[in-house]
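A.B. asks: sequence and computational prediction follow.
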Amino acid sequence: MLKTVREATYELLRSVGLTTVFGNPGSNELPFLNGFPADFRYILGLHEGVVVGMADGYAQATGNASLVNLHSAAGTGNGMGALANAWNSHTPIIVTAGQQTRAMIGAEPLLANVDAAMLPRPLVKWSYEPASASEVPHAFSRAFHIAELPAKGPVYLSIPYNDWEQPAGPFSDAVSMRKVEAAGMPDEHRLTALLDRIASARNPVIVLGPDVDAARANSYAVTLAEKIAAPVWVAPSAPRCPFPTTHRNFRGLLPAGIASISRLLSEHDLILVFGAPVFRYHQYDPGAWLPEGASLISVTCDALEAARAPMGDAIVGDVGGVLKRLSERVVARARASIEALPRPERAPLSDGALLPEAVFDILDDLAPENAIYLNESTSTTAALWERLRMRQPGSYYFAAAGGLGFAMPASVGVQLAEPERRVIAIIGDGSANYGIQALWTAAQYKIPTIFIIMKNGTYGALRWFAGVLKVENVPGLDVPDIDFQALATGYGVKAHRARNAEEFKHALTEALSSDTSILIEVLTKHGG
């Protein structure tokens, strides 16, 4: 007898290691979950944006695709903001959504996903609804391989709910045994030409992006920087930390403005960009795209990023592989090594609310060296990069598209994937409300994430941007009177309120020694 579509699909998912399902089910999804296999686990989130965020963090931390199960069009819509982050961070997520039974789709009944394949675009690499039930396993196979191939990214499948009991197609066994691999190394001619340009440069600089960290190519970047005595910047708004912030060559996080970047790189004649868009600007800061007399070469896994860059040459290929080859073959320069930047002075403490810089000083003192930080306190990002010493790969995650609601759920996913490391989510009190439901999942599944809420009662990043845009008397910038301690307790997470440095140190010490999730609401000052 032929397998059912459900049996064949679970067999395929098992063969590629997709045995964790992140979801928030509705009626259309119940037939897929019928008889859920004992060797699979289902991680429930209370909102679809949280579900996609958890899957995003989990996939980034494991380096492998994750599987999401959402509810039709409404559930997909709720998860779209989180999909924007996954798209921009090259996260391989297979998003499935239930569809009404095929017999009624044309009549557009309640919970029908009208024009299902169009709905999530352009935030997915591929979107599809199988033409017949027997095609479903093959569609899952295609989705997995497309998500995993460079540049990695999310994909979307809409599955009518009556398909799962139908017989699978004749190729269902064959798709479970396939391997699809990318071989993206440049040929010897291109590699030699790149080495020649590096050798002839008077004063090269390196800019690194998230795909370096995703490929765990950080050590190759260190070797290359040391050999050519190049300062290293991290690309603007980077969602990962690709270079140890304690290294003497490290110079910091580039700002997200055209003229600002050119000013900082003005002394360099060759700008080498690895694993990052060129560049992800934010505020409009007009000026020269490149410093006068400088050239730029980027190495990226993403052909779209290469094509849309406004300047420089680009090589589309294996970012980690190219860095490895360059670090092995580049000729070391004889000039003196770069001096490390001085550590910032410790922020002053008071008896009351803390400066954000003081929060980071205390975190850096007490957290283990291999701690993982997720940042959604956007107004304090610069201070975070200056003060937190991030030494190991996979130590930092940020919303790649700037979409709020990423860090709280993603931290739960990262902690699931990295149980031996402490995961600390640093969240603004405005941002926290976009993913607060993640607390319930952390409590229910006993995931020991530490949530730190930076409470200053305002949207700090918006206040900064109001100054950039020279706008005044803007409403809706304050969020007073939110009791995060009470919210956390309601979701089942132990919580503390820290009103000064000593209370924060005490709460953080307890959280770091605990094996359960804990939230710390720490009172902070504006504009620190």
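C.D. replies: On my side now, so go ahead.

A.B. asks: now the helices: where do they sit in the stretch 151-300 of the chain?
C.D. replies: For the stretch 151-300 of the chain, the helices defined by DSSP state H, counting those that start in this stretch occupy 172-175, 188-200, 210-214, 218-228, 258-264.

A.B. asks: got the ones you listed as TSV, with distance to residue 24, mean pLDDT and mean neighbour count columns?
C.D. replies: (C-beta placed from N, C-alpha, C; glycine too.) Formatted as TSV, the helices of the stretch 151-300 of the chain follow (distance: least, C-beta to C-beta, whole Å; pLDDT from 0 to 100; neighbours: other C-beta atoms under 10 Å):
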stretch	distance to residue 24	mean pLDDT	mean neighbour count
helix 172-175	27	74	18
helix 188-200	46	94	14
helix 210-214	27	96	27
helix 218-228	35	96	21
helix 258-264	40	95	18
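
A.B. asks: now these in CSV, please, with extra columns for distance to residue 300.
C.D. replies: Below are those laid out as CSV (distance: least, C-beta to C-beta, whole Å):
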stretch, distance to residue 300
helix 172-175, 30
helix 188-200, 13
helix 210-214, 7
helix 218-228, 14
helix 258-264, 17
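
A.B. asks: residue 159: which of those is closest?
C.D. replies: Closest of these to residue 159 is helix 172-175, at 14.6 Å (criterion: C-beta to C-beta).

A.B. asks: who touches that closest one?
C.D. replies: 2-3, 8, 11-12, 137-138, 140-141 (C-beta atoms under 8 Å, 6 or more residues apart in numbering).

A.B. asks: where does this protein have low pLDDT?
C.D. replies: 1, 171, 464, 527-528 (pLDDT under 70).

A.B. asks: repeat that with 50
C.D. replies: 528 (pLDDT under 50).

A.B. asks: which helix in it runs the most residues?
C.D. replies: Criterion DSSP state H: the longest helix present in the chain is helix 72-88.

A.B. asks: now for it, which elements pack on it?
C.D. replies: Helix 72-88 makes packing contacts with helix 48-62, strand 66-70, strand 93-99 when contacts are defined by 3 or more C-beta pairs under 8 Å, 6 or more residues apart in numbering; DSSP states H and E.

A.B. asks: most tightly packed of the ones you listed?
C.D. replies: Each of the helices and strands packed on helix 72-88 was scored by mean neighbour count; the highest is helix 48-62, a mean of 30, by mean count of other C-beta atoms under 10 Å.

A.B. asks: how near is the nearest residue to residue 368 once chain neighbours are set aside to residue 83?
C.D. replies: Once flanking residues are discounted, residue 368 sits nearest to residue 422: 5.8 Å by C-beta to C-beta, 6 or more residues apart in numbering. Using C-beta to C-beta, to the nearest Å, residue 422 is found at 28 Å from residue 83.

A.B. asks: name the residue in the two with the higher neighbour count.
C.D. replies: residue 83 (27 against 17; other C-beta atoms under 10 Å).

A.B. asks: OK, contacts around the nearest residue to the more buried one once chain neighbours are set aside?
C.D. replies: Nearest non-adjacent residue to residue 83, counting by C-beta to C-beta, 6+ apart: residue 123, 4.4 Å away. Residue 123 sits next to 80, 83-84, 86-87, 154 when contact means C-beta under 8 Å, 6+ apart.

A.B. asks: am I right that residue 123 is in a strand?
C.D. replies: No: Residue 123: not assigned to a strand; according to DSSP: H, G, I helix; E, B strand; the rest coil it is coil.

A.B. asks: residue 261 is in contact with residue 255, correct?
C.D. replies: Yes: counting by C-beta atoms under 8 Å, residue 255 touches residue 261, with 6.6 Å between them.

A.B. asks: now do the shared contacts for the two.
C.D. replies: Joint contacts of residue 255 and residue 261 (C-beta under 8 Å, 6+ apart) are residue 236.

A.B. asks: picking that back up, need the CA coordinates for the longest helix of the chain. CSV is fine.
C.D. replies: Provided in CSV are the C-alpha atoms of helix 72-88 (Å, rounded to 0.1, in the frame of the first residue of the first chain):
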residue,chain,number,x,y,z
SER,A,72,-3.8,29.8,7.0
ALA,A,73,-3.7,33.4,5.8
ALA,A,74,-4.4,35.1,9.2
GLY,A,75,-1.6,33.2,10.9
THR,A,76,0.7,33.9,8.1
GLY,A,77,-0.2,37.6,8.3
ASN,A,78,0.6,37.7,12.0
GLY,A,79,4.0,36.2,11.3
MET,A,80,5.0,38.4,8.4
GLY,A,81,6.9,41.0,10.5
ALA,A,82,9.1,38.2,11.8
LEU,A,83,9.5,36.8,8.3
ALA,A,84,11.1,40.2,7.3
ASN,A,85,13.8,39.6,9.8
ALA,A,86,14.4,36.0,8.7
TRP,A,87,14.6,37.1,5.1
ASN,A,88,17.3,39.7,5.8
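
A.B. asks: wait, residue 441 touches residue 451, no?
C.D. replies: No: Residue 441 is beyond contact range of residue 451, at 12.0 Å (criterion: C-beta under 8 Å).

A.B. asks: more crowded one of those two?
C.D. replies: With neighbours defined as other C-beta under 10 Å, residue 441 and residue 451 compare such that residue 451 has more, 29 against 26.

A.B. asks: am I right that that one is in a strand?
C.D. replies: Yes: counting by three-state DSSP, one finds residue 451 located in a strand.

A.B. asks: name the SS class of the nearest residue in space to it that is not next to it in sequence, please.
C.D. replies: In space, not counting the residues next to it along the chain, residue 451 is nearest to residue 519; the distance is 4.3 Å by C-beta to C-beta, 6+ apart. Judged by three-state DSSP, the three-state class of residue 519 is strand.

A.B. asks: ok, now how distant is the residue lying closest to residue 208 once chain neighbours are set aside from residue 45?
C.D. replies: Distances taken as C-beta to C-beta, 6+ apart place residue 242 nearest to residue 208, at 4.0 Å, with adjacent residues excluded. Counting by C-beta to C-beta, the gap from residue 242 to residue 45 is 29 Å.

A.B. asks: which of those two has more neighbours?
C.D. replies: More crowded of residue 242 and residue 45, by other C-beta under 10 Å: residue 242, with 30 against 25.

A.B. asks: pretty sure the more buried one contacts residue 221?
C.D. replies: Yes: using C-beta under 8 Å, residue 242 is in contact with residue 221, at 6.3 Å.

A.B. asks: can you list residues touching both of these two?
C.D. replies: Residues touching both residue 242 and residue 221 (C-beta under 8 Å, 6+ apart): 208, 212, 274.

A.B. asks: ok now do residue 161, which residues does it touch?
C.D. replies: Going by C-beta under 8 Å, 6+ apart, residue 161 touches 27-32, 98-101.

A.B. asks: show me what contacts the nearest residue to residue 254 once chain neighbours are set aside?
C.D. replies: Counting by C-beta to C-beta, 6+ apart, residue 254 lies nearest to residue 236, which is 4.5 Å off, once chain neighbours are set aside. Neighbour list for residue 236: 253-256, 261, 279-282 [criterion: C-beta under 8 Å, 6+ apart].

A.B. asks: I'd like those residues as TSV, with distance to residue 479 appended.
C.D. replies: What follows is the contacts of residue 236, written out as TSV (distance: C-beta to C-beta, whole Å):
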residue	distance to residue 479
253	26
254	29
255	26
256	24
261	32
279	31
280	27
281	27
282	22
